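Colleague: Coordinates for the following, if possible.
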Amino acid sequence: MGKWILRKYLKSCVSLEATFSDKFGEVESNKPTGDLGEEYFFKMCQDLGLDVTKETESLDWDFNVNGKHVDVKVLRNNFGPREEFFLNVRANQITPFVDVYAFYIFNMRNGELSFCGALSKSDFLQRSILKRAGDIEKIGFIYPCDTCAVRKKDLKSLVEALK
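Modeller: Below is the predicted model:
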C-alpha cells in the first residue's frame, strides 16, 4: 500500500472538530480509517507468519489470530503516536468475546498509519484508566462516553499480546 491510498482516505475524513451525534454515536469518517487499519493489520499478521482470518460472523471482534479474537482499534489525531498518548476502547465495546486489542493511530495531517502495539484484554483492563464521559485531556480532547484508556508506552508487541 502506498501513501497515495492513505491520502485518499485522509481526504474522505472530516476534521477532528467533528462532534458525536450523541453519547455513543459514531463519526461517519471513522469507517474509512478503521477499514484501512484492518487492512494493514491483516498484512502485518501475514508478514509475521501468524494464522490470521477476517472475522465474518461477529461484530464483537475483527480477526481470528492464532486462535484468539482480536479487535483492531484505529484512533485519529493530528500528530501521530506519542508515548504519553492514551489509546482507548469505549466501555460499551469491551465484551467477553475479545481476547486482544490492537491499536493504530492515523495521523490526519500527513496520512500516516502507525501500529502502536497490543494488549490482551486482561492486561488492558488491569492497565487502563476509566475516563468518564466529559473528562478532558490536556490536549483538549473530551471523552464522548465512558472509555477505558491506556498509554502507548504500556502496550506490547502483537506477538507478546497473543501469548
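
Colleague: ok, I105 - how many residues close by?
Modeller: A count of neighbours around I105, defined by other Cβ atoms under 10 Å, yields 24. In this view, the C-beta of every residue, glycine as well, is placed from N, C-alpha and C.

Colleague: how close does it sit to K68?
Modeller: Counting by Cβ to Cβ, to the nearest Å, the separation of I105 from K68 is 22 Å.

Colleague: Pull the distance from the longest helix out of those in the chain to the chain's centre.
Modeller: Longest helix of the chain, by residue count under DSSP state H: helix 30-47. Distance of helix 30-47 from its chain centroid, counting by Cα atoms, centre = their mean, to the nearest Å, is 10 Å.

Colleague: same question, stretch 85-97
Modeller: 9 Å.

Colleague: in what helix or strand does R76 lie?
Modeller: Here R76, judged by DSSP states H and E, is contained in strand 68-77.

Colleague: mind exporting that strand as PDB, just the C-alpha atoms?
Modeller: The C-alpha coordinates for strand 68-77 follow below in PDB (Å, rounded to 0.1, in the frame of the first residue of the first chain):
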ATOM      1  CA  LYS A  68      -7.600 -15.600  19.500                       C
ATOM      2  CA  HIS A  69     -10.200 -12.900  18.800                       C
ATOM      3  CA  VAL A  70      -8.600  -9.600  18.000                       C
ATOM      4  CA  ASP A  71     -10.300  -6.200  17.900                       C
ATOM      5  CA  VAL A  72      -8.400  -3.600  15.900                       C
ATOM      6  CA  LYS A  73      -8.800   0.000  17.100                       C
ATOM      7  CA  VAL A  74      -7.800   2.900  14.900                       C
ATOM      8  CA  LEU A  75      -7.600   6.300  16.600                       C
ATOM      9  CA  ARG A  76      -7.200   9.500  14.700                       C
ATOM     10  CA  ASN A  77      -5.200  12.600  15.600                       C
END
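
Colleague: Thanks a lot, see you next time.
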